[in-house]
Structure formats: C-alpha cells, structure tokens
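Chemist: with the sequence up front, the predicted model follows.
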Amino acid sequence: MAKKSTAKTNYPLIFDGHNDTILAMLSGRSFFEESDKGHIDLPRAQAGGLGGGFFAIFVPSTKPMGGFPGMQRDASGGYRVPLPDPLEHRHALDFTTRALRRLFELEMEAAGKVKIVRTAAELAACLDQGIFAMILHFEGVEALDTNFDTLHVFYQAGLRSVGITWSRPNAFGHGVPFSFPASPDTGPGLTDAGKALVKTCNELGVMLDLSHLNEKGFWDVAALSTAPLVATHSNAHVLAATPRNLTDKQLDAVKETGGVVGVNFHIGFLREDGRSDAETSLTEIVRHAAYMADRIGIDHIALGSDFDGATMPQDLKDAAGLPKLMKALADHGFDHSALQKIAHENWVRVLGETWKN
Ligand SMILES: [Zn+2]
C-alpha cells in the first residue's frame, strides 16, 4: 500500500532504520527549523520524503574513546581501533532520562506533526496521514538494569527497540570494534543477562537490533529469539570488510526468520577499501542494496541511514537528498514495488510481526 508524504517526491515515502538526531537536538539543534548542520530536521525530512524512523538514544562515553575516530592506518590502508570503555549504568540512566525528556518535549512542541509510535497501527496511521513517526530506540542498553525494572518502565514510556550493544561491552553482550578489515567474530557471546534480555524483549514485544553486536552474540540471539532478526544499520561484509557489516551467513539468517537489514549510508561501511572519503558515490549504497537483494531477497532490505551519526556520501548530504538515492536505486533497476518495500513496507511488516500490538 502506498504511503503519502507531506512533501511530495516522486518516490515512495521513506521510513528509516537508524539516526542519532536526538543527540544533535541535545546539543541545541532545532527539529523544526532547517539547519545546514547534520542531516535531519523536519523541513529537510519533508523535502526528502522521509516520513519517520528509529530515533536512537546513544549515550556518549564520559572520556575520549581511545583513538576513535582518529585511527592509525597500517601500510595497506587498514586500521585498528580499540573497543571503547564500558559505560557506568548510572551515567547511562541519567543521560537516557534527559534525552527522553527532550524527545517528549519535542513531541509536545510539534503539536501533532510528530508522534512517538508504540503500535503497528499507530505507525501505519502516521505514515498514511503524513505525521512524522518516531520509534524510540536505545543504541546500547547500558541504561537498563539486569532485573529489567527499567526495561518495563521504559517500555511503558514508549521504548520499542533496543540494540543490545553499541560496540562497547556491557552487562548483556559484546560489540564489534571499528577496525578494518576485520571479522565480526570478535569475542564472547551474550552474557546470561543478555540471554534473559532477549526473552524479556520477546515477551514485551520490543525489537532487538543486531547492528554493532559481535558474531557470537548474533548467533545467540538467532538461537533464542522468537522474533524476526533485524540489523537496523549494517551492510554486506563481503563488499566492505568492517565488523559492523554482516557476513553472508548472517544475512541468510535474517532472511530465514523473515527479518530485515537497513542499508547504512556511512561511507566507511560502504567502500571496499574502508576509507572514509566524502567523495564516495551514492552508487556505493546501491551496490550494497543490490547485493543484499540478490542474496536474501527484496523483502529483507530496508534503509538504515545513520543520519546525524555518520559521514554521508557528499551527493546525498542529508535527509533532503534522499530522492537522489531513490533515483539511483531506480536507475539500477529496482521497480516501484521494490522501492516501496525498501522505503518503508519491509519495516512496517517486521515491526508488525515483532511488536505485540
Ligand atoms: Zn550505530
């Protein structure tokens, strides 16, 4: 079913798997006025046909993260970046509470133009009516305690998606570093608390996001979870060998469970040489989308921009540039039906199957 956008582009309305825009707003950027900084605000979203997405709460480290992103390169262009230090629970909880307050204030200020959606029906209604839809997502669950008291409270507040780790190790699992080239098989799997988190999220109907999780953790979730497997913002490891991308076996597992992978626009996760060069072409995004569509099917590919958290190809620039990406996908040969699936239909389907209502 076609969704309408408040601002018309010639392409299907886009619902996106990952952004770090809440962090930008905490630093003072407005969501309602067009900025030339970062990637998402409401005017640029409307210009680009972006109807909503997963809004991540990411808790920054309290101290500089060992050399990242100023990494050291070896002679062959590879680089090694150590894992960031773990976060303290109390710091993560305080930051997350402040970010949530900011998000709820934004929803109030929007006076009906923006909604934090909690059910599949609310998501569908927002996309139909041109209301900008936000899904509350935690990127790394350091704000949660291992008894899940906070998970139940945050669920009532609207939390509907969690990434078990943001690369940092935490009480629940271990994430991947940002080294290149490297395998995602970088350490142990989920802890007992992590396995209990999978079960509790399944019971509540909270989506589990596998982007940033290491490979053993991925397979632990695959063995335990009753929901479709989802990686909100990752690409194909065979095309760009960062541990942030998924191996072919991982991609196949996403397909087998009816899940979805959101194609990440970050230049460093697209290029075969792993370089963060802004002159990277939009066709690099198309290359990953096409590879994954060929391997696991068009029903399992979506968008996971990483807007406001990563470096975009310069031709895309920001959310207002999304029609250029849709054109590049169409030029490659994705027909209207395929573009609709990539743009929003696959996200809507998987969330409908994952959430309890
Ligand atoms: Zn991320």
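Modeler: Great, that's in hand. Numbers count the residues shown, from 1 in each chain.
Chemist: name the SS class of the nearest residue to E122 once chain neighbours are set aside, please.
Modeler: In space, E122 comes closest to K115 once its chain neighbours are excluded; the distance is 6.8 Å by Cβ to Cβ, 6 or more residues apart in numbering. C-beta: built from backbone N, CA, C; applies to glycine. Three-state assignment for K115 (DSSP: H, G, I helix; E, B strand; the rest coil): strand.
Chemist: from F132, how far off is K115?
Modeler: Noted for K115: a distance of 7 Å to F132, by Cβ to Cβ, to the nearest Å.
Chemist: follow-up on the earlier one: ok, the residue nearest to E122 - contacts?
Modeler: K115 sits next to 107, 122, 126, 131-134 when contact means Cβ atoms under 8 Å, 6 or more residues apart in numbering.
Chemist: and if you look at R349?
Modeler: By Cβ under 8 Å, 6+ apart, the residues touching R349 are 260, 299.
Chemist: which one (most neighbours) among the contacts of K115?
Modeler: Ranked by neighbour count under the definition other Cβ atoms under 10 Å, these are headed by M134 with 25 neighbours.
Chemist: what about it, distance to A320?
Modeler: Separation of M134 from A320 (Cβ to Cβ) stands at 18 Å.
Chemist: I figured W166 was touching P60, is that so?
Modeler: No - counting by Cβ atoms under 8 Å, W166 stays clear of P60, with 10.0 Å between them.
Chemist: between the two, who's got more neighbours?
Modeler: With neighbours defined as other Cβ under 10 Å, W166 and P60 compare such that W166 has more, 22 against 14.
Chemist: list phi and psi for that one.
Modeler: Torsion angles at W166 (phi, psi; degrees, to the nearest 10) stand at phi -110, psi 80.
Chemist: mind checking how far the residue lying closest to it once chain neighbours are set aside is from A320?
Modeler: Closest residue in space to W166, ignoring its immediate chain neighbours: G140 at 3.4 Å, by Cβ to Cβ, 6+ apart. Taking Cβ to Cβ as the measure, G140 falls 29 Å from A320.
Chemist: who has more neighbours out of these two?
Modeler: G140 (26 against 22).
Chemist: contacting residues for the more buried one?
Modeler: Taking Cβ under 8 Å, 6+ apart as the criterion, G140 is in contact with 58-59, 87, 92, 163-168, 170, 175, 212.
Chemist: whichever of those residues end up buried, select them in PyMOL.
Modeler: Per 16 or more other Cβ atoms under 10 Å, the buried members of the contacts of G140 correspond to this PyMOL selection:
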select buried, resi 58+59+87+92+163+164+165+166+167+168+170+175+212
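Chemist: among the contacts of G140, which ones are in helices?
Modeler: A92 (DSSP state H).
Chemist: return the member of the contacts of G140 nearest to D220.
Modeler: For the contacts of G140, the closest approach to D220 (Cβ to Cβ) belongs to I164, at 9.5 Å.
Chemist: the closest one and N170, how far apart?
Modeler: The gap separating I164 from N170 is 8 Å, by Cβ to Cβ.
Chemist: do the same with L136
Modeler: According to Cβ to Cβ, L136 stands 19 Å off from N170.
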